[in-house]
Structure formats: structure tokens, C-alpha cells
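Novice: model this:
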Amino acid sequence: MLGRGNGGVPRHAGAWLLGRGAGCRGSRLVPTIGLIGLACLVLYLIPRTAVVGAVLCTGYLGGAVAAHLRLDNPLFSHVLFPLYVAAFL
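Specialist: Numbering: from 1, shown residues only. Predicted coordinates:
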């Protein structure tokens, strides 16, 4: 997943670089969000902590859905995107 640039740090790091130049609000939080997602993935991949990783990934993606709902973003492109990602995990 990380090798293709579909998730984790590579995608978020690119957004962070683009956000810095544009003066985007919240761009300083993007690397932190990416690292939290990567930590959840690492915990999920280790067999002894797989249950904890699954719970954290669920909360992480659920928080993303809640944030998009709060901002009234489009349903199929923004709000349900974390569900699409979860379906591939």
C-alpha cells in the first residue's frame, strides 16, 4: 500500500509540501495525521497487536468520516472515501 503512494506518509507528505507553499490552514497538522495513520497500520500488521491496530484504524477512519460530515462535504467523493480505504485494508 505504501509503495504505490495510496496512503500513509507519502501522500500526506506531498500534501504537506503543497500546503506550505499555498499557505493552507492546518497544513502543519498533515504530517502528524499521516504518522498517526502509519502507526495504526504498523500496529495492525504486528500479529500480537492486530486487535489494537484494528480498533485504532476503525477510530481513525471513523473520525475522518465525522470530520467530513461536519464540514458538509460531498457524500461519495469525500465523506465515504475512508470507507473505500477501509474496504481495501
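
Novice: longest single helix anywhere in this protein?
Specialist: helix 50-70 (DSSP state H).

Novice: Flag every buried residue along whatever helix or strand comes next after that one.
Specialist: Per DSSP states H and E, the first helix or strand lying C-terminal to helix 50-70 is helix 81-88. For helix 81-88, burial by neighbour count (16 or more other Cβ atoms under 10 Å) applies to 81-82, 85. All C-beta spots, glycine's among them, are computed from the backbone N, C-alpha and C.

Novice: Nearest residue to Leu43 in space, please, no chain neighbours.
Specialist: Leaving aside its sequence neighbours, Leu43 sits nearest to Gly53 (Cβ to Cβ, 6 or more residues apart in numbering; 3.3 Å).

Novice: Am I right that that neighbour is in contact with Pro47?
Specialist: No: using Cβ atoms under 8 Å, Gly53 makes no contact with Pro47, being 9.9 Å away.

Novice: quick revisit: rebuild the buried residues of helix 81-88 as TSV, extending it with distance to Ala39.
Specialist: Shown next, in TSV, are the buried residues of helix 81-88 (distance: Cβ to Cβ, whole Å):
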residue	distance to Ala39
Phe81	20
Pro82	17
Val85	16
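
Novice: Which of these scores worst on pLDDT?
Specialist: Across these, the bottom pLDDT score, 77, is held by Pro82.

Novice: Surely that residue touches Val65?
Specialist: Yes: counting by Cβ under 8 Å, Pro82 does reach Val65; the two are 5.3 Å apart.

Novice: what sits up against stretch 52-67?
Specialist: Applying Cβ atoms under 8 Å, 6 or more residues apart in numbering, the external contacts of stretch 52-67 come out as 36-37, 39-46, 79-83, 85-86, 89.

Novice: now swap in stretch 74-87 and tell me
Specialist: 7, 57-58, 61-62, 64-65, 68-69, 73.

Novice: Also compute the angle for the helix or strand encompassing Ala39 relative to helix 81-88, please.
Specialist: If you go by DSSP H and E, Ala39 is part of helix 30-45. Here the directions of helix 30-45 and helix 81-88 differ by 30 degrees (axes from the mean of the first three to the mean of the last three Cα atoms, to 10 degrees).
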